[in-house]
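Enquirer: How does the following fold in three dimensions:
(one chain, ligands or ions: 1)
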Amino acid sequence: MTTLTSADLLTLSPVIPVVVLDDADRAVPLAQALLAGGIPVIEITLRTPAALAAIAAVAERVPDMVVGAGTVTSPAHVDKAVAAGARFLVSPGTTDALLDAMAGSGVPYLPGIATVSEALRVLERGQQEMKLFPAEACGGRTFLQSLASPLPDARFCPTGGITPDTAPLYRALPNVGCVGGTWLTPAKLVAAADWAQITQLAVDARREA
Ligand SMILES: O=C(O)C(=O)C[C@H](O)[C@H](O)COP(=O)(O)O
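Expert: Purely as a prediction, here's the structure:
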């Protein structure tokens, strides 16, 4: 298994699919469906009791898929996610304790920021890659454009409210690597085990984003 950096996370795919899974048994076919559509990364959010088992299943059974944990909001989440096999971590926001834990986790991470001061605190630690969340609500593309001059080293994965139509517009910004979003894995399709549709959404995202 190759060692990933936080910078790699921004270049693996135009879109990082953000997933909420109620049933860990869906994780492996879902990961395979995304992979078949050309998306080699999946962020499974720690919002459901099934999340850690889902991460473990993908880590073990779909080795070509880079599986990470999202909605990481505490140092305890960091430990549990890494123990389950998460290869990266994404948080919606940051605290000092969370930044310390993610920096010490041994896996790359995208800390969430929504203000210039939060971005500065991440940069102060030598971490240049971060998630902008909630992207649309906190200023969107205008905000990212405004950050480019004062924070030339910062690189973003905007997430939150991004659509298939706006993803390419975000990706055209020089300080954006990839975007995150839930549209590749709609709850209805996951519940229906409609893996072919999810593969198609992945193919479309790969082409359009
Ligand atoms: O769970 C987290 O850590 C988050 O930051 C929240 C997710 O990134 C958003 O739920 C994205 O959702 P959409 O707006 O539907 O793309």
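Enquirer: Which parts of this structure are strands?
Expert: With DSSP state E as the criterion, the chain has strands at 15-19, 41-45, 66-70, 89-90, 109-110, 112-113, 129-132, 155-158, 179-181.
Enquirer: Residues of this structure that sit close to the ligand?
Expert: Residues of the chain lying near the ligand by C-beta under 6 Å from any ligand atom: 18, 45, 70-71, 90, 92, 112, 133, 159-162, 180-182. (Each C-beta comes from the backbone N, C-alpha and C, glycine too.)
Enquirer: So how do I select the buried members of the residues you listed in ChimeraX?
Expert: Applied in ChimeraX, the following selects the buried portion of those according to 16 or more other C-beta atoms under 10 Å:
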select :18,45,70,71,90,92,112,133,159,160,162,180,181,182
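Enquirer: how far is the longest helix belonging to the chain from where the chain is centred?
Expert: Using DSSP state H, we find that the single longest helix of the chain is helix 195-208. The chain centre lies 17 Å from the centre of helix 195-208; the measure is C-alpha atoms, centre = their mean, to the nearest Å.
Enquirer: and the gap between residue 140 and the ligand?
Expert: The gap separating residue 140 from the ligand is 12 Å, by C-beta to the nearest ligand atom, to the nearest Å.
Enquirer: what does the model give that residue for pLDDT?
Expert: Looking at residue 140, its pLDDT reads 97.
Enquirer: In this protein, where is pLDDT below threshold?
Expert: For the chain, the stretches with pLDDT under 70 are 1-2, 209.
Enquirer: I'd like to know which elements the longest helix of the chain is packed against.
Expert: Under the contact criterion of 3 or more C-beta pairs under 8 Å, 6 or more residues apart in numbering; DSSP states H and E, helix 195-208 touches helix 27-36, helix 167-171, helix 187-191.
Enquirer: Of the ones you listed, flag the one that's most buried.
Expert: helix 27-36 (a mean of 22; mean count of other C-beta atoms under 10 Å).
Enquirer: What is the distance between that helix and the centre of its chain?
Expert: 16 Å.
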